[in-house]
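*Asks:* Let's see this in three dimensions:
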Amino acid sequence: MKDSEIRVPSAPMAEKPRRARVSGIERSIQIFDYLQETGRPTTGYDIAHAVGAPLSTVYAIIDELVARDLLSRNGSAVWLGPKLYHYGLAYARDLETITIATHEMHVLCREVGETVQICGRDGDMMVVEAMAEGPGHFKVTSRVGTRVPLNWTASGRLLVAHLDFDERVALFRRCAKSSPTGKATIDPALLAEQSSEALAAGLAVQAGESDYAVACVASPVRDNDGNCVITISVVLPEFRVIEDPARFGDAVRGAARRIEASLGWNFRQ
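*Replies:* Below you'll find the predicted structure:
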């Protein structure tokens, strides 16, 4: 065979990457998550742009969810629907932890005469799960369902304190944000260290980090593995913590220990 007749096999054509299909359920969850994160009614156009979905797909899913009361529509904007609240009530009735914690929340509220909250973690955010308002005129801006970055609050530090130190540093590096007052710590290593110290003390205190002149005194509720499942905290004017820090610290720690005892949790370091 002559050199000129040698045939070089051609390179195979590169296969086009397969386009991943996203299910309707996944798109629905993306819509719910986006509405939860933004905390306000939003248009289908904005949702589609935010989640990277075709506009026609998002509109079709929104129509289905509205028809089933999972979303509500107000003009061109949509918001979470009433059926989600009913699902939440059904879930809460069977959630022993929050039921017991809510009882102790009201006991603590009467004891200290201040607003008390139960807080949990949702990914990179702290969420207010239950709240009992104090009898005075002092009102807090965070209500049930409020979500704030973990580094803004005493509870946020406690909720991740049981994680490995390096894991905490990576988490805070990803999610720590400046607060409205500019006082919240954003250094990941320092936040990880502060969370360790707070967990060891069974108490975390922050003042003026998320709201001006507002303080929070929180204690962790830990399961048998030592994980901080929720926190219970007193939210009050900053000057009252300065006047009598021991009173509020002892009260909130006592409430956390009663919740653990009622749940049969007896973790000890």
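*Asks:* got a list of contacts for the helix-or-strand element of the chain with minimal mean pLDDT?
*Replies:* Each helix and strand of the chain was given a mean pLDDT (mean pLDDT, DSSP states H and E); the minimum falls on helix 82-93 at a mean of 82. Helix 82-93 has contacts (Cβ atoms under 8 Å, 6 or more residues apart in numbering) with Phe32, Arg68, Asp69, Leu70, Ser72, Ile98, Thr99. No exception for glycine: its C-beta is placed from N, CA and C like everyone else's.
*Asks:* What helices and strands are in contact with the helix or strand following that helix?
*Replies:* Remark: after helix 82-93, the chain's next helix or strand is helix 96-112, criterion DSSP states H and E. On a contact count with 3 or more Cβ pairs under 8 Å, 6 or more residues apart in numbering; DSSP states H and E, helix 96-112 meets helix 82-93, strand 115-122, strand 125-132, strand 228-237, helix 245-263.
*Asks:* pLDDT of stretch 120-132, averaged?
*Replies:* With pLDDT averaged residue by residue, stretch 120-132 scores 93.
*Asks:* now that stretch: how far from the chain's centre is it?
*Replies:* Taking Cα atoms, centre = their mean, to the nearest Å, one finds the center of stretch 120-132 at 4 Å from the center of the full chain.
*Asks:* Can I get it as CSV, trimmed to CA atoms?
*Replies:* Presented in CSV, the C-alpha positions along stretch 120-132 are these (Å, rounded to 0.1, in the frame of the first residue of the first chain):
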residue,chain,number,x,y,z
GLY,A,120,-33.6,26.3,64.4
ARG,A,121,-31.3,26.0,61.4
ASP,A,122,-32.2,25.8,57.8
GLY,A,123,-29.0,25.4,55.8
ASP,A,124,-27.0,28.7,56.0
MET,A,125,-29.8,30.5,57.9
MET,A,126,-31.2,30.7,61.4
VAL,A,127,-35.0,30.5,61.5
VAL,A,128,-37.4,31.6,64.3
GLU,A,129,-39.7,28.6,64.8
ALA,A,130,-41.8,29.8,67.7
MET,A,131,-42.2,33.0,69.7
ALA,A,132,-43.8,34.2,72.9
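*Asks:* rewinding a little: mind checking the helices and strands packed on helix 96-112 for the one nearest to Leu190?
*Replies:* Comparison of the helices and strands packed on helix 96-112 against Leu190 by Cβ to Cβ identifies strand 125-132 as nearest, at 17.8 Å.
*Asks:* Mind listing the strands that closest one pairs with, and their directions?
*Replies:* Partner strands and pairing direction for strand 125-132 (DSSP bridges) are strand 115-122 (antiparallel), strand 147-149 (antiparallel).
*Asks:* Name the residues of that strand that come out as buried.
*Replies:* Met125, Met126, Val127, Val128, Glu129, Ala130, Met131, Ala132 (16 or more other Cβ atoms under 10 Å).
*Asks:* Now distance to Leu163 too, for those residues, in a markdown table please.
*Replies:* Converted to a markdown table, the buried residues of strand 125-132 look like this (distance: Cβ to Cβ, whole Å):
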| residue | distance to Leu163 |
| --- | --- |
| Met125 | 15 |
| Met126 | 14 |
| Val127 | 17 |
| Val128 | 21 |
| Glu129 | 20 |
| Ala130 | 24 |
| Met131 | 26 |
| Ala132 | 29 |
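*Asks:* re the thing from before, can you put the helices and strands packed on helix 96-112 in CSV and add distance to Pro220?
*Replies:* Formatted as CSV, the helices and strands packed on helix 96-112 follow (distance: least, Cβ to Cβ, whole Å):
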stretch, distance to Pro220
helix 82-93, 21
strand 115-122, 10
strand 125-132, 13
strand 228-237, 4
helix 245-263, 6
